[in-house]
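Student: I'll drop the sequence and a predicted model, then ask my questions.
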Amino acid sequence: MQAFIAILLSVLSGFAFAEIVDDINLKTDANGEVDAVIKFTVPIQKIRYFPPRKSQYLVIYFNILDSVPRDQWQDYESHRAPPSDSVLGFTVTTRDLNTGPKIEVQFSSPVEFSLKAGKDSQSLYIHIKPDTQQKVPLPAASQPAPPQLGGKDGLPVFPAIELAEIDTAKTEPGEAPTLEEQIKKANYDAAVMMVKGRDAILSGEMFAAIEAFNNVLKLPPNKYSPDAQCWIGIAREKSGQQTKAKFEYESYLKLYPDGAEILWVKKRLAKLNAIQPAPPLAVAQPGAVSEPAKKLNTTEYGSLSMYYYHGASHTDTISTVGGVESPFSLTVTDQSSLISNLSATMRAYNEEYDNRLVFQDFFAANFLPGQQNTNRLNAAYWDVRNRNYNYSARIGRQSAMGGGVLGRFDGVTAGYGFLPDWRVNVVTGQLSEFVIGSKPVFYGASLDFGIKEQLGGSMYAINQTVGGINDRKAVGGYLRYFEQGKTAMSMVDYDTQFRKLNMLTLQGTLNSKSGTDYNFLLDRRRTPLLSIRSSVNGTAASVDTLLQNGWTIDDLLKLAKLRTAISNLGQFGVNKHINEKWLLGTDLMVSRTTGMSASGTLNPDGTTGLEGYVPAMPSTGNTWTISERVLGNDVVFSHDVSMCSVSYTKSNAMTSKTLLLNNHSFISELWTFDTTLRQDWQSDNIGGKQTVTSPMLKLGYRVKNNLTLEAEGGIELTKVTPAAMPASKISRKYYTLGFRWDF
């Protein structure tokens with residue numbers, strides 16, 4: 001814990017950067033099924049995922065409903081899921097590969113799952129179903145011994161789970177199982193839940209352990225019933241439920257007077273009675289607490305990745321000097337850096353509280369001459385949640401989770417659920433993603449409604465200032481409808497200072513029973529979103545400087561409007577599940593960005609006025625893109641995932657075609673192999689052409705369950721033929737070496 005805080009404090013001076021994934025939470029129910037909640041820092045729209053049901057590898061495609069450039073997040077993020085009793089572990093990694101934003105989910109072993117979007121437009125839910133044939137860790141001779149529990153820590157030795165006794169015999173249809181078969185079935189089911197309970201205690205998930213042992217006790221009497229009765233008492237005691245733990249121990253004495261742990265249970269019960277003697281039989285006094293303060297259980301987990309990136313380019317072209325053409329070649333190292341990502345979480349929880357200390361940092365050591373190192377503190381916050389009174393608070397560097405906040409910030413958010421379906425939230429802080437000039441300061445409030453209903457949403461109001469001047473004053477919110485197989489959501493943001501609509505988005509999905517899924521997106525937004533700071537685009541002067549030189553607030557508002565364009569986007573997609581092995585997808589997208597008239601003052605001598613000068617920008621016109629893709633598994637190797645994508649783009653200025661082939665394979669239990677081939681053809685409206693061929697290979701080796709080594713290499717061949725000019729060829733070779741350690 002002290003080392004964790006030391007690392008946290010040592011890098012608090014770093015500046016933030018836009019990551020896409022904010023956090024991963026796990027929720028386990030009594031059946032051992034898990035909802036993995038992946039929270040994003042920006043609104044997203046789920047497009048498709050593959051494979052559809054069961055795999056060790058899952059890829060999820062989505063739209064980013066925000067103005068985050070792709071080069072600011074692709075291939076850099078990797079997050080580890082917290083420990084769970086039902087999932088051995090998985091990682092979430094962001095990827096792009098020029099096919100649109102996506103994340104890759106890598107499980108430790110094949111699992112059965114389903115996927116749905118969250119109700120807040122900033123989360124995805126992966127529902128992981130228990131598969132006893134796959135997930136129960138059978139202690140075979142060739143496998144490492146299962147985790148040991150008890151024996152050296154004052155606890156009884158956890159029983160050996162004899163899973164080898166599982167009987168696979170099946171009764172004939174219509175034939176009632178024999179008594180022997182019923183006993184074997186009860187022993188098998190109990191063994192499965194005992195393993196879950198053991199793993200839950202080892203990972204600190206005491207409430208999941210209680211549920212697992214309780215499920216054993218619900219079964220017909222079996223060989224593990226006495227052990228489950230003992231260990232449910234231990235789990236309750238570790239979770240702070242001393243009174244309930246005493247009840248479980250007393251039940252053990254009554255039910256199993258000759259049990260193997262009878263002496264240990266008697267000693268433990270006597271110790272608890274000495275610490276907490278039984279109260280006399282009397283009427284409870286008002287305000288009396290039935291149980292002592294609950295002890296907080298703690299667990300720590302995270303991941304560290306370090307990758308070295310190296311790239312070098314070679315250019316061959318024809319140079320003309322004095323009318324004489326001669327060959328010209330240039331070789332340059334364009335990338336040499338060591339990129340590290342650290343993500344660490346400490347969780348403290350009991351029946352009432354679920355608190356977390358979270359730290360995420362990105363560091364790039366740049367080895368090229370004249371280049372600087374980069375440190376980006378992405379998260380450093382303490383999160384407090386109370387289950388009984390339904391309040392929460394988060395303090396520190398964190399991602400915006402709605403409420404009209406535009407980006408990562410340093411500050412405080414707090415919320416209180418005053419009715420089952422209503423919640424009020426407040427937020428205040430300082431945006432951290434600005435490194436030049438004053439950082440905007442803001443405060444706001446929001447109201448969530450219909451939290452547990454099909455129809456719900458949120459409303460917010462926010463005020464943002466820079467140097468004491470109103471920078472942004474807005475109201476907005478979202479309205480969403482969720483039904484099985486049908487979703488719709490609309491988001492709006494209106495700036496009351498500019499009296500203009502900042503953003504309006506409408507998206508929806510429809511999943512038919514025939515296996516065909518539809519999605520659509522309509523998005524209209526200012527780019528960048530309106531703020532008074534947009535008035536100083538194109539000049540080194542600040543807002544304060546302009547005000548001190550006779551400019552009024554109205555003048556700055558008008559100038560900011562002139563320097564803000566409007567982006568429009570429409571997209572429609574269809575995905576057809578042919579069977580469990582194949583998925584076909586089609587996306588049609590049209591986008592258009594309005595032009596901007598010239599603003600500011602440009603003097604005849606080339607100098608500008610104090611407000612600077614921004615030349616006129618023409619409209620992009622309509623850009624049309626149609627994409628077709630085929631995804632399959634078990635195509636080349638067993639359990640692999642393959643994709644073939646072709647796309648065609650047409651605009652006023654250019655035409656392009658792209659072919660992309662990708663395969664992710666499990667060569668063996670410890671080895672993964674990725675191959676990618678991208679081919680681009682592009683031509684502009686004045687006769688210029690460009691072709692790009694880019695093959696890539698990636699190899700991964702899992703040294704241990706929590707340590708993976710990776711190596712990647714590729715080459716990019718580019719041929720550029722400008723109109724009426726000599727052609728040039730560029731070849732770029734690159735490689736990556738590194739590791740990811742989950743702790």
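Tutor: Perfect, thanks for sending it. Residues are numbered from 1 along each chain as shown.
Student: would you mind finding the longest helix in the chain?
Tutor: helix 179-202 (DSSP state H).
Student: in that helix, which residues are buried?
Tutor: 183-202 (16 or more other Cβ atoms under 10 Å). Just so you know, the C-beta spots here come from the backbone N, C-alpha and C atoms, and that holds for glycine as well.
Student: next: stretch 33-53.
Tutor: Buried-residue list, stretch 33-53, by 16+ other Cβ under 10 Å: 33-34, 36-52.
Student: start and end of it, how far apart?
Tutor: Counting by Cα to Cα, to the nearest Å, you get 15 Å between the two ends of stretch 33-53.
Student: pull the distance from it to the chain's centre.
Tutor: With Cα atoms, centre = their mean, to the nearest Å as the basis, stretch 33-53 stands 8 Å off its chain's centre.
Student: do stretch 305-313 as well
Tutor: 24 Å.
Student: which other residues reach that stretch?
Tutor: Identification of contacts with stretch 305-313 by Cβ atoms under 8 Å, 6 or more residues apart in numbering yields 78, 331-341, 710, 730-741.
Student: quick one on the thing from earlier: tell me which of the buried residues of stretch 33-53 fall in helices.
Tutor: Short answer: the buried residues of stretch 33-53 have none in helices (DSSP H).
Student: among those, which are in strands?
Tutor: Judged by DSSP state E, the buried residues of stretch 33-53 include 34, 36-40, 44-50 as members of strands.
Student: check contacts around the residue nearest to Thr317 when sequence neighbours are not counted.
Tutor: In space, and not counting its chain neighbours, Thr317 is closest to Ser728: 3.6 Å by Cβ to Cβ, 6 or more residues apart in numbering. Contact analysis of Ser728 by Cβ under 8 Å, 6+ apart lists 315-318, 719-720.
Student: closest to Arg268 out of the residues you listed?
Tutor: Distance to Arg268 across the contacts of Ser728 (Cβ to Cβ) is lowest for Thr315, with 75.4 Å.
Student: can you classify that closest one by secondary structure?
Tutor: Classification of Thr315 using DSSP: H, G, I helix; E, B strand; the rest coil returns strand.
Student: now do the helix or strand containing Arg236 against helix 179-202, angle only.
Tutor: Per DSSP states H and E, Arg236 falls inside helix 225-238. For helix 225-238 against helix 179-202, the angle by axes from the mean of the first three to the mean of the last three Cα atoms, to 10 degrees is 20 degrees.
Student: may I see the buried residues of the following helix or strand past helix 225-238?
Tutor: Note on helix 225-238: by DSSP H and E, the next helix or strand toward the C-terminus is helix 242-255. Across helix 242-255, burial judged by 16+ other Cβ under 10 Å covers 242, 244-246, 248-249, 251-252.
Student: so where's the stretch 151-300 of the chain shaky on pLDDT?
Tutor: For the stretch 151-300 of the chain, applying pLDDT under 70 flags the ranges 151-153, 162-176, 203-204, 275-294.
Student: try it again with 50
Tutor: Applying pLDDT under 50 to the stretch 151-300 of the chain picks out residues 164-174, 278-293.
Student: wait, Phe40 sits on Ile24?
Tutor: No: with contact defined as Cβ atoms under 8 Å, Phe40 does not reach Ile24; the gap is 10.7 Å.
Student: give me the buried subset of the contacts of stretch 305-313.
Tutor: If we count by 16+ other Cβ under 10 Å, the contacts of stretch 305-313 have these buried: 78, 335-339, 341, 710, 730-732, 734, 736, 738, 740.
Student: which two of these have the greatest separation?
Tutor: Maximum distance among those (Cβ to Cβ): 31.5 Å, for Ile730 and Arg740.
Student: buried residues in stretch 211-228?
Tutor: Of the residues in stretch 211-228, 211-217, 219, 222, 224-228 count as buried by neighbour count, 16+ other Cβ under 10 Å.
Student: what's the closest of the residues you listed to Arg524?
Tutor: Nearest member of the buried residues of stretch 211-228 to Arg524, counting by Cβ to Cβ, is Glu211, at 47.4 Å.
Student: SS state for that closest one?
Tutor: helix.
Student: mind checking how far it is from Ala228?
Tutor: 12 Å (Cβ to Cβ, to the nearest Å).
Student: and if you look at Met489?
Tutor: Here Met489 is placed at a distance of 45 Å from Ala228 (Cβ to Cβ).
Student: likewise Arg198?
Tutor: 11 Å.
Student: same check on Ile103?
Tutor: In terms of Cβ to Cβ, Ile103 sits 38 Å off from Ala228.
Student: can you count the residues close to Ala270?
Tutor: 11 (other Cβ atoms under 10 Å).
Student: can you check Val21 too?
Tutor: The burial count for Val21: 22, using other Cβ under 10 Å.
Student: cool, Asp410 as well?
Tutor: Neighbours of Asp410 (other Cβ under 10 Å): 18.
Student: tell me the average confidence for the strand or helix carrying it?
Tutor: Using DSSP H and E, Asp410 sits in strand 409-419. Mean pLDDT, strand 409-419: 93.
Student: in it, which residues are buried?
Tutor: 409-413, 415, 417.
Student: re earlier: closest one of the buried ones among the contacts of stretch 305-313 to Asn511?
Tutor: Ser78 (29.8 Å).
Student: for that closest one, give its distance to Ser619.
Tutor: 39 Å.
Student: next structured bit after the helix or strand hosting Gln464?
Tutor: Assigned by DSSP H and E, Gln464 falls within strand 455-466. Moving toward the C-terminus from strand 455-466, the next helix or strand (DSSP H and E) is strand 469-483.
Student: in that following strand, what counts as buried?
Tutor: 471-474, 476-482.
Student: cool, and stretch 392-405?
Tutor: 392-405.
Student: can you check stretch 262-271 too?
Tutor: 264-265, 268-269.
Student: between these, which is closest to Ala461?
Tutor: Among these, Arg268 lies closest to Ala461 (Cβ to Cβ), at 55.5 Å.
Student: got a list of what the closest one touches?
Tutor: Here Arg268 is in contact with 233, 249 (Cβ under 8 Å, 6+ apart).
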